[in-house]
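Participant: just to be clear, the model below is a prediction. Sequence and coordinates:
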Amino acid sequence: MQDIVHNLDVIHQRMKNACLQSGRPEDAVRLLLATKTVSEENLRFAVGQGEVLLGENRVQDGSRMAEKIKDLPVEWHFIGHLQTNKIKEVLRWATCIQSVDRTDLVEKLDQRLQFEQRKTDVFVQVNTSYEPSKFGVEPEKALDLIREVMRYDTLNLKGLMTIGLFSAEAERVRKCFQVLAGIRNQALELGFEHLELSMGMSGDLEIAIEEGATIIRVGTAIFGPRVYPDSFYWNEGSVKPTGNSS
Ligand SMILES: *Cc1c(COP(=O)(O)O)cnc(C)c1O
């Protein structure tokens, strides 16, 4: 637990430094805790430290954890690949879907929300690294998808999300974040007053903040390494080996 206190301290210091570095106010960036594989105990502890913005990749895991900690004043975002048959379930606990990446998902979300007579916040996820292993709409098609989202009263477009290239070459990572910021600037011309940029993780949050991130999503640097590689969480329909605790 002391590790988590220390790690959160380090992250907030890194956020602060990156804001200073880029001339942005210290409160310009929010920290979202990536909760995949995190235990209830550790998550409760981190929330107790004042972290209230949580993001989960897998619908089932999110449902389970949201139920377990429903006494806590947290805000859940969904940040993983969303299959349309999981829409009903994810809307029970997530107030924002950060991973809207295709037209059929937009349509199905609208259908369900109309049925429930309510709205939800969404981000459009863009595949700024063009890696086939990652989800997200291609940058060239992002504005079309944004216009599509705008057609539905049930969907409040709050921003854009991306996962940067995994690379030690900072300039190539930076390019991804610049692409997302560029799309945001174009989207603002469609009539939005403000759009968030959800970008930056444990390894690249400074670059993301320098390029304008307003939400960074951090897991490993707070909770330690995961058992499964990230590709596991990002691959459609991948099934967890049985016998594992989470
Ligand atoms: C796991 C995950 C993160 C956090 O990644 P870390 O490297 O553990 O900080 C951020 N965004 C998404 C979509 C994730 O799946």
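Facilitator: Here it is on my side, so go on.

Participant: from here on, just use CA atoms for contacts and neighbour counts.
Facilitator: Will do.

Participant: now the helices for the chain?
Facilitator: In the chain, the helices defined using DSSP state H lie at 2-21, 40-48, 59-68, 87-90, 103-116, 142-150, 170-188, 205-210, 220-223, 230-234.

Participant: pick the most deeply packed of those helices.
Facilitator: Across these, averaging neighbours per residue (mean count of other CA atoms under 10 Å) puts helix 205-210 on top, at a mean of 24.

Participant: looking at the helices of the chain, which has the lowest confidence?
Facilitator: Ranked by mean pLDDT, the helices of the chain bottom out at helix 230-234, with a mean of 78.

Participant: and the contacts of that one?
Facilitator: 57, 58, 80, 81, 133, 134, 135, 238 (CA atoms under 8 Å, 6 or more residues apart in numbering).

Participant: what residues does this protein put near the ligand?
Facilitator: Taking CA under 6 Å from any ligand atom as the measure of proximity, the chain contacts the ligand at 34, 57, 79, 80, 201, 202, 217, 218, 219, 220, 221.

Participant: contact partners for the fifth one?
Facilitator: With CA under 8 Å, 6+ apart as the criterion, the residues that contact residue 201 are 163, 216, 217, 218, 219.

Participant: among those residues, which are located in strands?
Facilitator: Among the contacts of residue 201, the members falling in strands (DSSP state E) are 216, 217, 218.

Participant: rewinding a little: distance to residue 158 added to the helices of the chain, as JSON lines?
Facilitator: Shown next, in JSON lines, are those (distance: least, CA to CA, whole Å):
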{"stretch": "helix 2-21", "distance to residue 158": "22"}
{"stretch": "helix 40-48", "distance to residue 158": "24"}
{"stretch": "helix 59-68", "distance to residue 158": "21"}
{"stretch": "helix 87-90", "distance to residue 158": "18"}
{"stretch": "helix 103-116", "distance to residue 158": "14"}
{"stretch": "helix 142-150", "distance to residue 158": "11"}
{"stretch": "helix 170-188", "distance to residue 158": "11"}
{"stretch": "helix 205-210", "distance to residue 158": "18"}
{"stretch": "helix 220-223", "distance to residue 158": "26"}
{"stretch": "helix 230-234", "distance to residue 158": "22"}
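
Participant: right, so of these, which gets closest to residue 159?
Facilitator: Among those, the nearest to residue 159 by CA to CA is helix 170-188 (7.6 Å).

Participant: residues touching that closest one, excluding its own?
Facilitator: 126, 128-129, 139, 142-143, 146, 159-162, 164-167, 194-195, 197, 199, 204, 207-208, 211-212.

Participant: pull out the buried residues from the residues of the chain next to the ligand.
Facilitator: 34, 57, 79, 80, 201, 217, 218, 219, 220, 221 (16 or more other CA atoms under 10 Å).

Participant: hmm, back to that, which among the contacts of helix 170-188 end up buried?
Facilitator: In the contacts of helix 170-188, the ones that pass as buried (16+ other CA under 10 Å) are 126, 128-129, 139, 142-143, 146, 159-162, 164-165, 195, 197, 199, 204, 207-208, 211-212.

Participant: re the thing from before, which pair in the residues of the chain next to the ligand spans the largest distance?
Facilitator: Maximum distance among these (CA to CA): 18.8 Å, for 80 and 221.

Participant: pull the contacting residues for the residue nearest to residue 16 when sequence neighbours are not counted.
Facilitator: Distance criterion CA to CA, 6 or more residues apart in numbering; nearest residue to residue 16, sequence neighbours excluded, is residue 26 at 5.5 Å. Contacts for residue 26 (CA under 8 Å, 6+ apart) come out as 15, 16, 19, 20.

Participant: right, I'll call it a day here.
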